[in-house]
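> let's see this in three dimensions:
(one chain, ligands or ions: 2)
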Amino acid sequence: MAFRAVKGMNDVLSNDSPRWQRLERAFQRQARLYGYEEVRTPVVEHTDLFVRSIGEVTDVVEKEMYSFQHHRDALTLRPEGTAGATRAYVEHKVYARETVTRWYYLGPMFRAERPQRGRYRQFYQAGCEIYGDPGPVADAEMIDMLVGLFRQLGIGELQVAINSLGGSATRQRYREALTEYFTPQVGALSAHAQERLGKNPLRILDSKDPKDQAVAAGAPSMLDVLDDADREHFDGLKRALDALETPYVVEPRLVRGLDYYTRTSFEIRSEAGELGAQNTLAGGGRYDNMVEELGGPATPAIGFAMGLERILLAMPESAAADRAGCYIMPLGSAALPKALTIAREVRARGVRVECDGRGQSLKSQMRRADSLGMRACIVLGEDELSRGVVQLKDLEKHTQREVSFTEIAEQVRALCTVSAEAGGA
Ligand code: ATP
Ligand code: MG
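Ligands and ions are numbered 1, 2, ... in the order given. Take a look at the predicted model:
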C-alpha cells in the first residue's frame, strides 16, 4: 500500500529547503535586531485556551481546530501562536521579571481549512509578541519591521492596512451599531452570517462571501465610535508610521479573524508573485485584555503572525546558487583512507564535502560532483597516493592542478570561500 501525506499537509524537500532557510534566517535576524528573543511553546495546548482567547464565534474555533480527547484532557493542535505564548507568559510570571517582553516564535500551525494555493492544513507561521508596552510607537515599529523584512526579501507591491478596534466599551457600542445596521438587511446575508448576527456581528465584516461583503461595504465605521483615548492612540500610530515613512491605508472595516484584538489591527498584503486571493502575508494587532483573561495582571500586548508559505509564493526566485563545496574521489580502495582524512581536514575549515566511499567509476563520480553543484573536486589515484599529491579540479573554471597533501585542505578552503563570498550567502 502506498501512503500519501495527509491532505493539506506538505513535504518540503531538499530542493526547496534552502529558500525556507533563507526566509527563516532573515526573519530571525530582523526580529533580533528589534530586540525580540525566541520562545518555543508546545504544538498541543488545552482546547479551552484557544476557545477563551480566540473567541467562540470565530471560524478558527467553530470549524478549523484539530481537537481530540486524550484520557481526560481535551486538547487541540495549535491553530496560531499567540494563545500559547501568552499562556507561557502568564504561567511563568514573566511580567514579574521584566516590564517589557519581546518574543518571537516560528513553527507549524494547524487549521482544518479547505486546502488551496496559500492555504493549507499544516502551515508555518513566524510571529512576534510584545507584552507590557501599550503603544502606539511599539505598534508602528512592529509594522515597520515587517515591511523592512519583506523589502529585504525582494517582495514588491506591498500594502499596509491599519485600523483601530478600540477598547471593550467601544467594541460594545460598535457591536450595537452593526446589529442595528445589519438587521434590516438580514435577508441579503449568507446563512452563516445570519446565524452570526445575533452572536458576533463583527465577524460578518471579515466574511469572504461576496454577498456579505456587498452588505458590509456600507456598514458604519468603527472609527466613528472610538472614544477619545482610542482615537489618540490611533492618531499616535499614524504619526509614528508617518515619521518612519511607512506608507499605509486606513481600512475602517478591517477586523481580522480572531476575536482578541483591541485597538490597533493591521494586515500586510502583496500583489506580487503567485498569491492570488490568498494575498495577506501577515496580520496582527493589539490584544490588551488577553493576559488578564488568562489569569495574569492587566498587561497591554501586541503581536503579529506571518505565513511562511505565502511569503515564499511572493518571494522572487533568487538567482541560481553559486557552486560551493568539494567532492573527493578516491580511485581504488588503497586511496580511500587518505581520502577520508583529507575530507575531515577540509570540513574542519568549514567547507561542505562529500567523499565517495562506494568505489564508483571516475565518470560516475564526476557526474555526481556536477549534479551536487560542487566548486572543487579532488582526485586521488594510486599514482598520486605514492607521490603524496592530489589533483585539484576547479569545476567552475574547468582548470586542474597538482597539490600536495599538506596544502590541499587550505587550497580547497581558499577556492570555496571565494565563491561563497561572491555569491553572498
Ligand atoms: P486569512 O484571512 O487569509 O484566512 P487569517 O485571518 O486566518 O488569514 P491569521 O490567523 O491572522 O490569518 O494568520 C496570519 C497569517 O498566517 C495569514 O496572514 C497567512 O499568511 C497565514 N495563514 C493563515 N491561515 C493559513 C493557512 N491555512 N495556510 C497558510 N497560511 C495561513
Ligand atoms: Mg483564516
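> let me see the ranges of the helices in the stretch 201-350 of the chain.
202-205, 210-216, 228-243, 290-293, 308-314, 336-348 (DSSP state H, counting those that start in this stretch).
> residues near Leu402, how many?
One thing to correct before we go on: residue 402 is Glu, not Leu. Residues within reach of Glu402, counting by other Cβ atoms under 10 Å, total 10. Where you see a C-beta, it was placed from the backbone N, CA and C, and this is true even at glycine.
> beta partners of it?
Counting by DSSP bridges, Glu402 is bridged to Gln391.
> quick check: Pro115 touching Lys7?
Yes: counting by Cβ atoms under 8 Å, Lys7 is a contact partner of Pro115 at 6.2 Å.
> the two - which one has more neighbours?
Ranked by neighbour count (other Cβ under 10 Å), Pro115 and Lys7 place Pro115 first, with 14 against 10.
> how about the residues of the stretch 151-300 of the chain by ligand 1?
The stretch 151-300 of the chain has residues 256-258, 278, 280-283 near ligand 1, with proximity defined as Cβ under 6 Å from any ligand atom.
> please apply the same query to the stretch 301-425 of the chain.
Counting by Cβ under 6 Å from any ligand atom, the stretch 301-425 of the chain sits next to ligand 1 at 305-307, 309-310.
> need the contact list for whatever residue of the stretch 1-150 of the chain ends up closest to ligand 1.
Nearest residue of the stretch 1-150 of the chain to ligand 1: Phe123, at 3.4 Å (Cβ to the nearest ligand atom). Neighbour list for Phe123: 108-109, 111, 307-309 [criterion: Cβ atoms under 8 Å, 6 or more residues apart in numbering].
> hey, what's it bridged with?
Beta bridges link Phe123 to Met109 when assigned by DSSP bridges.
> give me the buried stretch members for stretch 165-177, please.
By neighbour count on 16 or more other Cβ atoms under 10 Å, the buried set for stretch 165-177 is 165-167, 170-171, 173-174, 177.
> just the CA coordinates of it, formatted as PDB?
Below are the C-alpha coordinates for stretch 165-177, written out as PDB (Å, rounded to 0.1, in the frame of the first residue of the first chain):
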ATOM      1  CA  LEU A 165     -10.900  48.300  17.000                       C
ATOM      2  CA  GLY A 166     -11.000  50.400  20.200                       C
ATOM      3  CA  GLY A 167     -11.300  49.000  23.700                       C
ATOM      4  CA  SER A 168     -14.000  46.900  25.200                       C
ATOM      5  CA  ALA A 169     -16.500  49.700  25.700                       C
ATOM      6  CA  THR A 170     -16.000  50.900  22.100                       C
ATOM      7  CA  ARG A 171     -16.400  47.300  20.900                       C
ATOM      8  CA  GLN A 172     -19.800  47.000  22.700                       C
ATOM      9  CA  ARG A 173     -21.000  50.200  21.100                       C
ATOM     10  CA  TYR A 174     -19.800  49.100  17.700                       C
ATOM     11  CA  ARG A 175     -21.500  45.800  18.100                       C
ATOM     12  CA  GLU A 176     -24.800  47.500  18.700                       C
ATOM     13  CA  ALA A 177     -24.300  49.800  15.700                       C
END
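> so what's the nearest residue to Asn279 once chain neighbours are set aside up against?
Using Cβ to Cβ, 6 or more residues apart in numbering and skipping the chain neighbours, the partner closest in space to Asn279 is Arg269 (4.7 Å). For Arg269, the contacting residues are 158-159, 161, 279-281, by Cβ under 8 Å, 6+ apart.
> 10 Å instead?
157-161, 275, 278-283, 310, 314 (Cβ atoms under 10 Å, 6 or more residues apart in numbering).
> considering those residues, which possesses the most neighbours?
Leu281 (27 neighbours).
> give the contact list for that one.
Leu281 touches 118, 146, 149-150, 153, 155, 158-159, 267-270, 272-273, 275, 306-308, 310-311, 313-314, counting by Cβ under 10 Å, 6+ apart.
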